[in-house]
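Novice: return atomic coordinates for the entry below.
(one chain, ligands or ions: 1)
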Amino acid sequence: MGPGPSEVSARVRAAAARPTLGHLDPAFQALMEEVKTGLAAVFRAPDHACIPLPGPGTAGMEAAMLNLLEPGDVAVVAVNGLFGGRMAEMAARAGAEVVRVEHEWGRPIEPERIEAALWARRAKVLALVHAETSTGALSDPGPLCALAREHGALTVVDCVTSLGGIAVDTAGWDADVVYAGTQKCLSAPPGLAPFAFGPRVREAVAARKSPCRTWLNDLSLLMSYWGGEGGRAYHHTAPVNAIYGLHEALTVLSEEGLEASFNRHRRMHEALASGVAALGLDFLVAKAHRLPQLNAVRVPDGIDEAMVQARMLDRFGLEIGAGVGVLKGQVWRIGLMGASASPRHVRMCLIALADALAAQGCKVSIADALAAADAQL
Ligand SMILES: *Cc1c(COP(=O)(O)O)cnc(C)c1O
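Specialist: Numbering: from 1, shown residues only. From the prediction side, this is the model:
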């Protein structure tokens, strides 16, 4: 129940354990087509090419930056947490001139501030994080993508933590690149980066002056394998078993239904939030901007945050995350992602957290916390 990886169901683990086929085997190629279709549905991106890149979510981020940017380009990057900062670093490594629009951690991205940056510089790319996992803050990509288009910039939206847990609306936002990871709300093992890119990206990649600085995730080369038009050619050996796992996770999600999954994440968050309040704890993020799948809970004064985590892991086998960056030592990050967003997880987390707080002398009632959560379940 940390910020990922989330729990992987027995069904997805069994799928990933199936015999390894060749990456050009006809049966595996049929499965690749289903993965592309499944990703287009969860990304809500009917006009984008949707493929899983080899590598974790960070590989998707890197592919976006290295394919779209070359030396001399300007990139505006919204930074309201760790991952926005990582995007800015990658844009700089691609040789771009980077305009970082800094926000307080825990706050959503403000369109007015992005607009001011886009007026000041002619940017090729606007990059932003939909669901900031380092803080639990949600930003609305719709107005930000609209601003970018007005100013002729392409958009890169990090949906690593959002995909499957809250609505990702690539077509509605008219976003150019949207990428995710498998180990957050999709509840598959880590190691793949679902990646969607639209027609403007294909044009931009074709118009590059210099070759893309990643060979592995050069989109124009990758499509010789994933595109399938005119026959597939070897590019790299696809992580076949990881793709089985993703395929099964997408099947599980489509059986539940996207809206049902979003509702479940929301309900589990409300139950956890009620229980957390009954324990006398506060959230970092204001209610209107909270992510259901990542709950940043403030560490009360006088409590050793690492000892709480260690006791929860030791006594209950339950992992929650620590604060990172400027929030180190100040928050716990509790994930309710994919298969970890269940009533059992919410109850177990509240019991374990209450037990660990009591061990440090807090006056807390496990029964009250559970009753508060159960009222929402
Ligand atoms: C987890 C995460 C990433 C990085 O994904 P990895 O799989 O750890 O490489 C990027 N962005 C956000 C918002 C994330 O939550």
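
Novice: run a quick neighbour tally on the residue of the stretch 51-200 of the chain found nearest the ligand.
Specialist: Here the stretch 51-200 of the chain gets closest to the ligand at one residue, G57, 2.6 Å apart by C-beta to the nearest ligand atom. The way it works is simple: take the backbone N, C-alpha and C, and place the C-beta from them, glycine included. Residues lying near G57 (other C-beta atoms under 10 Å) number 28.

Novice: quick one, what contacts it?
Specialist: D158, V160, Y179, A180, G181, Q183, K184, A193 (C-beta atoms under 8 Å, 6 or more residues apart in numbering).

Novice: possible to save those as a markdown table with distance to the ligand and neighbour count?
Specialist: Converted to a markdown table, the contacts of G57 look like this (distance: C-beta to the nearest ligand atom, whole Å; neighbours: other C-beta atoms under 10 Å):
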| residue | distance to the ligand | neighbour count |
| --- | --- | --- |
| D158 | 5 | 29 |
| V160 | 4 | 27 |
| Y179 | 8 | 26 |
| A180 | 9 | 30 |
| G181 | 4 | 29 |
| Q183 | 6 | 24 |
| K184 | 6 | 29 |
| A193 | 7 | 25 |
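
Novice: CA atoms only: put the lengthiest helix in the chain into CSV for me.
Specialist: The longest helix of the chain (DSSP state H) is helix 258-278. This file holds the C-alpha atoms of helix 258-278, laid out as CSV (Å, rounded to 0.1, in the frame of the first residue of the first chain):
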residue,chain,number,x,y,z
LEU,A,258,-13.3,1.8,-16.1
GLU,A,259,-16.1,3.8,-14.3
ALA,A,260,-16.5,1.0,-11.7
SER,A,261,-12.8,1.0,-11.1
PHE,A,262,-12.8,4.8,-10.6
ASN,A,263,-15.8,4.6,-8.2
ARG,A,264,-14.0,1.8,-6.2
HIS,A,265,-10.9,3.9,-5.9
ARG,A,266,-13.0,6.9,-4.8
ARG,A,267,-15.0,4.9,-2.2
MET,A,268,-11.9,3.3,-0.7
HIS,A,269,-10.3,6.7,-0.4
GLU,A,270,-13.3,8.1,1.4
ALA,A,271,-13.3,5.2,3.8
LEU,A,272,-9.6,5.5,4.5
ALA,A,273,-9.9,9.3,4.9
SER,A,274,-12.7,8.9,7.5
GLY,A,275,-10.6,6.3,9.4
VAL,A,276,-7.5,8.6,9.2
ALA,A,277,-9.6,11.5,10.5
ALA,A,278,-10.9,9.3,13.4
